[in-house]
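> let me see the structure of the following:
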Amino acid sequence: MEKIIVLKNDRVGDLFVSLSAINLILNKHQDKEIHIYLSKLNYKFNFLFKNIQTKILNYDLNLFEKIQIFMFLLLNKVSTVYILTPKNFYYYLPFFFRKIKFYGICIDSKRSRPFNFLRKYLYKKEIINRLNIKKRLSSYEIQKKLIGFANNVENLLSKDIINSSKLDLPRDSTFFHYKDKLFSELLLWDYKKIKDFLYFISSKRENIIFSSEINKKETDDFFYENFNSIDYKTNKNNKINVKNILFLKNIDGKNLFKAIYHSKDIIAPEGIITHIGHFLNKHILALMHFRLKNREDFINQIISCKEWFPPDNFKYIVLKKDFSKSLKKLAKKIKNNE
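Have a look, this model is predicted:
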């Protein structure tokens, strides 16, 4: 049987940005044996790739791993390779394996220029232009252009997870995610403000379910003690007199997918949660904050972020350290998004 290789050994957020593209590949090659190379960071999400061969590579490839990839291509009947992680080593491979079709994401930047001559050996390429950010497409659009359109695209990644994971939650809720770097480090909001922020969102939505970062015990304990909660490690529930807010403590990846799938929309810092939401076609309001020197720096940052933003179902709001101003901006954004 012919084999298809997908190279995606980068950060966790990058993996979720590529889920739509990987799903397209699975739809186009259902009669082929597909192998996906993941980094150690995102291998914990290999439950997404049922009936697909998954392998681990370091984010920075070592010599042994480079030889391993080379030998796999040499000894197996590989017809197509999708380079979704732009690594310079990968662009040498088409030179040695001319019969294999290599599809590659390339980056135009000062750092990548010495390797640009290798692009001519790719069967098809799409370029992320970091030298002219005003003309930059999002990664979602670029990857779909690379792979090409597929008719009757079926969601082959999360279907089994949604059907198999047990989760008894309110349907059509708003999903919120707490990220310590945004709220605590950048905005300098204390727990009382976070609590008030959640109450404010709950006043605008029928039900709120929310998660927090893993391994933040102090934060998790605060949420668990102040909101209705489900602890997925202990299988214990904590009921507080808060009608429409539910904290999902220690939620695992499979149940997280199902919770987002059954949510109506997402209000969360830009990152993994918003990327999952885009893949599941949810309306997204991304929460952001920048430490910038001037207005020009701010405009450039917004344009740059478009590389990682999905082109549809997506809005963002830049929060301020001033809590009351942030609530006013959020209220206006939520009202316009209803």
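> what are the buried residues along the strand or helix carrying residue 144?
Using DSSP states H and E, residue 144 sits in helix 139-147. Neighbour counts over helix 139-147 (16 or more other Cβ atoms under 10 Å) mark 139-140, 142-144, 146-147 as buried. Yep, even glycine has a C-beta here, placed from its N, CA and C like the rest.
> same deal with stretch 253-270?
253-263, 265-270.
> show me the residues you listed that map onto strands.
Among the buried residues of stretch 253-270, the residues falling in strands (DSSP state E) are 265-269.
> using PDB, write out every CA atom in stretch 7-16.
In PDB, the C-alpha atoms belonging to stretch 7-16 read as follows (Å, rounded to 0.1, in the frame of the first residue of the first chain):
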ATOM      1  CA  LEU A   7       5.600  16.200   9.000                       C
ATOM      2  CA  LYS A   8       4.300  18.200  11.900                       C
ATOM      3  CA  ASN A   9       6.900  18.200  14.700                       C
ATOM      4  CA  ASP A  10       6.500  21.600  16.200                       C
ATOM      5  CA  ARG A  11       4.600  23.300  19.100                       C
ATOM      6  CA  VAL A  12       1.200  22.300  20.400                       C
ATOM      7  CA  GLY A  13      -0.500  25.500  19.200                       C
ATOM      8  CA  ASP A  14       1.000  24.900  15.700                       C
ATOM      9  CA  LEU A  15      -0.500  21.400  15.600                       C
ATOM     10  CA  PHE A  16      -4.000  22.700  16.300                       C
END
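> just use 777 as the starting number from now, easier for me
Sounds good: first residue 777 from here, last item stretch 783-792.
> got the contact list for that stretch?
Residues outside stretch 783-792 that contact it (Cβ atoms under 8 Å, 6 or more residues apart in numbering) are 794, 798, 812-815, 817-818, 821, 833-835, 837, 857-861, 863, 866, 1047-1048, 1051-1052, 1055, 1084.
> quick revisit: centre of the chain versus the helix holding residue 920, how much separation?
Relative to the chain's own centre, helix 915-923 is displaced by 15 Å; criterion: Cα atoms, centre = their mean, to the nearest Å.
> then stretch 1014-1025?
26 Å.
> give me the low-pLDDT residue ranges for the stretch 977-1114 of the chain?
991, 1066-1089, 1111-1114 (pLDDT under 70).
> any chance you could map the strands in it?
With strands called from DSSP state E, counting those that start in this stretch, the stretch 977-1114 of the chain shows them at 984-988, 1004-1007, 1012-1014, 1021-1025, 1041-1045, 1059-1064, 1090-1094.
> now those strands as a markdown table including distance to residue 947?
Output for the strands of the stretch 977-1114 of the chain, formatted as a markdown table (distance: least, Cβ to Cβ, whole Å):
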| stretch | distance to residue 947 |
| --- | --- |
| strand 984-988 | 10 |
| strand 1004-1007 | 15 |
| strand 1012-1014 | 18 |
| strand 1021-1025 | 12 |
| strand 1041-1045 | 13 |
| strand 1059-1064 | 15 |
| strand 1090-1094 | 22 |
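> on that earlier part again, which among the contacts of stretch 783-792 count as buried?
Neighbour counting by 16+ other Cβ under 10 Å classes 794, 798, 812-815, 817-818, 821, 833, 837, 857-861, 863, 866, 1047-1048, 1051-1052, 1055, 1084 among the contacts of stretch 783-792 as buried.
> OK, contacts around the nearest residue to residue 962 once chain neighbours are set aside?
Excluding the flanking residues, the one nearest residue 962 by Cβ to Cβ, 6 or more residues apart in numbering is residue 1065, at 4.6 Å. Residue 1065 is in contact with 958, 962-963, 1094-1096, counting by Cβ under 8 Å, 6+ apart.
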